[in-house]
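Undergrad: Pasting a predicted model and its sequence here:
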Amino acid sequence: MSAILCKIKADLLNRRLATFLVTLTILASSALLTLTATTLNTMSASFERSFEDLNGAHLWLYFDRAVTSRTDVTRIQELPGVAASTGLQFSQIARAELGEDQVLISLRQVDAQQTAVNALRITAGRYLAPDDAHGVLMDKRLAEQFHVNPGDTIRISTESGDKPLQVVGLALNPTWDIYRAVQPPYLYALDKTFQSLFPDRLMWDWSIGLRLAEPNAVKQTLAAAQSITRSKAIQDHTDWRDVREAYLFNTQLNTLFLTAFGLFALAAAALIMTNSISGAVLAQFRDIGVLKAVGFTGGQVALVYLGQNLAMGAIGGVLGIAIGLALAPLPLTSLARSLNTTLRPAFDPVLMLGVLVGVLVVVVVATIWPAQRGARVNMIQAITTGYELPGVKPSRLAWLARTARLPIHVVIGAKDAFARRGRATLTLLSLSLGVVALVFSFELNAVINTFLHEPSLAGVVYDVWVSRETMSDDTARRTLERAPGVTAMIAHVMAKAETPEGKTFRVRAEEGDLAQFPFKLEDGRLINTDAEGEAMIGVGLQSWLGLNVGDTLRVTVNGYAKRAPAEWRIVGVYREPADNGQVAIVSLRSLRAIDRAAEPDTYFLRLAPGTNVDALRAYLKSRAGQSLSLAVVNTRISSLEQFRLTMLALSIALSAIALISVFNSAVLNMREQMSEVGTYKTLGMTPAQVIEMVLTSGATLGVLAGVVGVPLGVVLVQVSLTALGKSYGFGSFDLRPDWAALVLPALVAVGVGLLGSAVPARWAARLNVVEVLQYE
Amino acid sequence: MIEVHDVHKTYATGDEPFVALRGVSLSIQPGEFVAIMGPSGSGKSTLLHLLGGLDRPASGQVRVAGQPLHAMNETQLALFRRAHVGFVFQFFNLIANLTVRDNIELPALLNGRTRGSEISRRADALMETLSIATQAAKLPAQLSGGQRQRVAIARALVNRPDILLADEPTGNLDSASGVQVLRLFKELNAQGQTIVLVTHDPAAAAHAARIVFLHDGQLVGDETGLDAAAIAHRISQTASHLTFDV
């Protein structure tokens, strides 16, 4: 055993460059895997930490004042499983003027002392002081969207006119659902301010936040609360897990790609290891013969190589885990920042051990084949010739190059690219992985750019929307039809639908010519808004309910349970960006057949190109005062935008691994072909020609990697985007080949091939012919 | 044609430098067939490498075909070798995955100045002369040692070099093949080819008209018209004389 250890140690120290490269590759893969595993493991840590710090409410209930009493609320607070509560909270929906925009907000009354449950985190400015008669806190996200800072003055519409309020701080509410918000964004004011603005207590909305002993017992508690209150007393609720999901939405996508790239990196590392070990076996051909001659068995020879690689695997694996842990907060930083907390990724020894074992298993698998090859070395041949003959099959690539009348040293370079077929294939695979990653990254970037340029592809079909307050529907429509730049309009009101199975979703009831809006249909056609009984459903709703065009959607609408459920025939499936695509569109007539009182309160507009939105806003203000307010649809697809950097960074990491692979392969090739290079130089090959010859080998692999990797990358993009589109409700992606995205990775592959061969090429050019000939 | 003047060459080996050549001077005229003889470590291969522009002297001058090899850079030396020198080695140094024809045509293709048809014609003629025409499409591994060396000679001649340099060309051949190769050299020399042959075999050296003796990096003899026995005697004399001197 000591002889084996002695040989392992000697080999590792004598082949320092190879040892360094293999260890580096293992380290990179291990770091990526650790990063992925840690991110997956601690993805929700920021939110949970923030939630626990603020003692967040697990369940938030919104009551219908007309059928709820204070006694009901008290009984809910006393339900078993309810550990604590915020107490009854009062709020009122109002309109706020934030700069040029009119925004619907919910003003909530708070105490001068923060509540024990669901406290607010002040992210800028300060909390309300007892003497802040005209001060408010503003929801952090609302403030960010409208660029409001502490110290700014905003105006709130009340019965007695607009009232100015000063924003004293920005606040984060741990249970306000940023995605499926059932309440408009909050402003918070002290009781005396709240009462002075909205003195009519009958108009106040009631709600309560409950802290549960068992955080996952939300459904049970909700059911219990519903059972002790009158029907429909609880109008809506927020589940803390939904809020968490909303926060994690973007991070999940990043993690998905991190996982894919981590596995890519591990595969690339396995290829490099197999290559390096094969190279070591070839380079030590004579040594192996001598070892066997002095009594090593085949198994012991294999053990030498296994031991060497396990040592490198252990060192690279442990260092990689440490680096991965150090980098782990990066993917989650934006999430942590949005929650105004810091991230402490949990160190999970079992997880880290899993990564290390995984890496070592790959090392063992990658070592087995070349180690066995070493064990089977023919002792006589090894000792007498000292090397294993390379493949002598005629090279098709060389034939092609010759046919193309390329210079002879280029022809030789093309031939040498596959002189060691096994190694070249492994290097090619490794390089192809890098190309696949780059194609994936660039194509996705192109898709994101397309979406940003043409938001309708992601289902954003309106330019602006206008909400109506006191003005009648007819007047609002007439005003908007005459407004400058408006080319099409849809009148809209939202309804809530529930399937017989209890699945609830939103329904858009619309009137107007939908054909004027660039809806992206996945299947079927648009509904006829003049007709009744037709529905088109979002992609997310289609997947969720398992329905298709031609099926019937049976739902209860706006709680009209006693009437027969609505039956709408599905005529189309469209791309819906909101609520994971879990939305349906019906005609206003269809909704009115169930809810006669339904009346449009929002108008979606399509504007002529170049329309000045500020001029439109001014026009509406001059014609309708505060009765109409306009908002520009936010077409930023932030969840997709976040991919860019992550994808690019991971592509660069994989390209770097591919670079190591090419370098490693080129070094091994050069070591084995020293005699041939010496002969070429003897025959008059100049140093420049030697460099070009070696570079041709690298570039040939790069070109082939492009040929293999680009189509694979395109297929991978299509498959994964289709899966993502279905998962997140975007529908299918119109993937038009972006030639730059296809050509660039191929060029990068050639560049990596050239770069990886550059140093070995210089070594070859400087090779001392006399030394090579003497060695022979 | 070849002028070597006071050439010194030292190699760094281990802790102490190894002096391969100590002030060697030599002149070889066009059309000569010269054998360089000496025991292992005498500096004969080093001298051959200097004549072929594979290496540069530490000091002294080497001029071949009027060109100062001692003052040339790597690229100039490569171009010189391509145009003026053909090499034949003990281990053939053929490219394993090129066919016989490809191996032979390689230096001419590297040259880039000769038309493809002319290169093929030359290769055909050489293969015919060296009796390897039937092996043209084979790979070196499919040939015997003698055949491989004939391929190496054809490769060395394809650019019609001024000098043919051969380093122990029979060292890895059976005696019959060795004799064939040496006869071939003699025929080539008879046609005017300048040949410098490095060998430690008196029988091989006897094919050359002139024999240069090296010992410990010094030129210790330069004689003509010796047969194998005389050469062997001369070597033993030189060795004992030098040993006595020491």
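TA: Nice, thanks for sending it over.
Undergrad: Return the residues of chain B in contact with chain A.
TA: B:45-46, B:49, B:52, B:54-55, B:74-75, B:78-79, B:81-83, B:87, B:89-91, B:93-99, B:106-107, B:109-112, B:139, B:141, B:155, B:159, B:167 (C-beta under 8 Å from any C-beta of the partner chain). Placement of C-beta: from N, CA and C, glycine included.
Undergrad: which of the residues you listed are buried?
TA: Buried members of the residues of chain B next to chain A, counted by 16 or more other C-beta atoms under 10 Å in any protein chain shown: B:45-46, B:49, B:52, B:54-55, B:74, B:78-79, B:81-83, B:87, B:89-91, B:93-99, B:106-107, B:109-111, B:139, B:155, B:159, B:167.
Undergrad: Confidence-wise, which helix or strand of chain A is lowest on average?
TA: Ranked by mean pLDDT, DSSP states H and E, the helix or strand of chain A with the weakest confidence is helix A:638-641, at a mean of 53.
Undergrad: Could I get the average pLDDT for the following helix or strand past it?
TA: Once the chain leaves helix A:638-641, the next helix or strand it forms, by DSSP states H and E, is helix A:643-672. Here helix A:643-672 scores 75 as its mean pLDDT.
Undergrad: quick one: the strands in chain B?
TA: Taking DSSP state E, the strands of chain B run over residues B:2-13, B:16-28, B:33-37, B:59-64, B:67-68, B:85-89, B:163-167, B:194-199, B:210-215, B:218-224.
Undergrad: Distance of residue A:621 relative to residue A:739?
TA: The gap separating residue A:621 from residue A:739 is 47 Å, by C-beta to C-beta, to the nearest Å.
Undergrad: neighbour count winner among those two?
TA: Neighbour totals were compared for residue A:621 and residue A:739, and residue A:621 leads with 16 against 9 (other C-beta atoms under 10 Å in any protein chain shown).
Undergrad: That one: helix or strand, and which one exactly?
TA: helix A:613-624.
Undergrad: Which strands or helices does that helix pack on?
TA: strand A:464-468, helix A:473-482, strand A:628-632 (3 or more C-beta pairs under 8 Å, 6 or more residues apart in numbering or on different chains; DSSP states H and E).
Undergrad: mind running it again at 10 Å?
TA: With contacts taken as 3 or more C-beta pairs under 10 Å, 6 or more residues apart in numbering or on different chains; DSSP states H and E, helix A:613-624 sits against strand A:101-110, strand A:464-468, helix A:473-482, strand A:602-607, strand A:628-632.
Undergrad: Which residue lies closest in space to residue A:556, excluding its sequence neighbours?
TA: Distances taken as C-beta to C-beta, 6 or more residues apart in numbering or on different chains put residue A:498 closest to residue A:556, at 4.8 Å, once the chain neighbours are dropped.
Undergrad: Quick check: that neighbour vs residue A:546, distance?
TA: Distance of residue A:498 to residue A:546, computed by C-beta to C-beta: 16 Å.
Undergrad: neighbour count winner among those two?
TA: More crowded of residue A:498 and residue A:546, by other C-beta under 10 Å: residue A:498, with 16 against 8.
Undergrad: about what we covered before: alpha carbons of the helix holding residue A:621, in CSV - could you do that?
TA: Extracted in CSV, the C-alpha atoms of helix A:613-624 (Å, rounded to 0.1, in the frame of the first residue of the first chain):
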residue,chain,number,x,y,z
VAL,A,613,-49.0,60.0,-22.6
ASP,A,614,-48.5,63.2,-20.6
ALA,A,615,-50.6,65.1,-23.1
LEU,A,616,-53.3,62.4,-22.9
ARG,A,617,-53.2,62.6,-19.1
ALA,A,618,-53.5,66.4,-19.2
TYR,A,619,-56.4,66.1,-21.7
LEU,A,620,-58.3,63.7,-19.3
LYS,A,621,-57.6,65.9,-16.4
SER,A,622,-59.0,68.9,-18.2
ARG,A,623,-62.1,67.0,-19.3
ALA,A,624,-62.8,64.8,-16.3
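Undergrad: least trustworthy helix or strand in chain B by mean pLDDT?
TA: That would be, for chain B by mean pLDDT, DSSP H and E, helix B:228-245 at a mean of 69.
Undergrad: follow-up on the earlier one: reformat the strands of chain B as JSON lines; add mean pLDDT.
TA: JSON lines is the format used below for the strands of chain B (pLDDT from 0 to 100):
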{"stretch": "strand B:2-13", "mean pLDDT": "89"}
{"stretch": "strand B:16-28", "mean pLDDT": "90"}
{"stretch": "strand B:33-37", "mean pLDDT": "93"}
{"stretch": "strand B:59-64", "mean pLDDT": "94"}
{"stretch": "strand B:67-68", "mean pLDDT": "92"}
{"stretch": "strand B:85-89", "mean pLDDT": "91"}
{"stretch": "strand B:163-167", "mean pLDDT": "93"}
{"stretch": "strand B:194-199", "mean pLDDT": "93"}
{"stretch": "strand B:210-215", "mean pLDDT": "92"}
{"stretch": "strand B:218-224", "mean pLDDT": "90"}
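Undergrad: got a markdown table for those strands, with distance to residue A:520 too?
TA: Shown next, in a markdown table, are the strands of chain B (distance: least, C-beta to C-beta, whole Å):
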| stretch | distance to residue A:520 |
| --- | --- |
| strand B:2-13 | 74 |
| strand B:16-28 | 80 |
| strand B:33-37 | 85 |
| strand B:59-64 | 78 |
| strand B:67-68 | 75 |
| strand B:85-89 | 72 |
| strand B:163-167 | 76 |
| strand B:194-199 | 81 |
| strand B:210-215 | 87 |
| strand B:218-224 | 90 |
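Undergrad: which residue does chain B bring closest to chain A?
TA: residue B:82 (2.5 Å; C-beta to the nearest C-beta).
Undergrad: In contact with that residue: list those residues for me.
TA: A:682-686, B:53, B:107-108, B:110-113, B:159, B:161 (C-beta atoms under 10 Å, 6 or more residues apart in numbering or on different chains).
Undergrad: Pick the one among these closest to residue A:749.
TA: Using C-beta to C-beta, residue A:685 comes nearest to residue A:749 of the contacts of residue B:82, at 26.6 Å.
Undergrad: And the closest one, how close does it get to residue A:418?
TA: 20 Å.
Undergrad: Could you list the low-pLDDT ranges of the stretch 51-200 of chain A?
TA: The model of the stretch 51-200 of chain A has pLDDT under 70 over residues A:100, A:177-183.
Undergrad: can you give me the helices in it?
TA: A:70-77, A:140-145, A:191-197 (DSSP state H, counting those that start in this stretch).
Undergrad: and the second one, which residues are buried?
TA: Read that as helix A:140-145. For helix A:140-145, the neighbour count (16+ other C-beta under 10 Å) marks A:140, A:141, A:142, A:143 as buried.
Undergrad: so is the closest residue to chain B within chain A in a helix, a strand, or just coil?
TA: Closest to chain B within chain A is residue A:684: 2.5 Å, counting by C-beta to the nearest C-beta. Secondary structure, DSSP: H, G, I helix; E, B strand; the rest coil: residue A:684 is coil.
Undergrad: Contact partners for it?
TA: Listed by C-beta under 10 Å, 6+ apart, the contact set of residue A:684 reads B:53, B:77-87, B:106-108, B:110-111, B:159, B:161.
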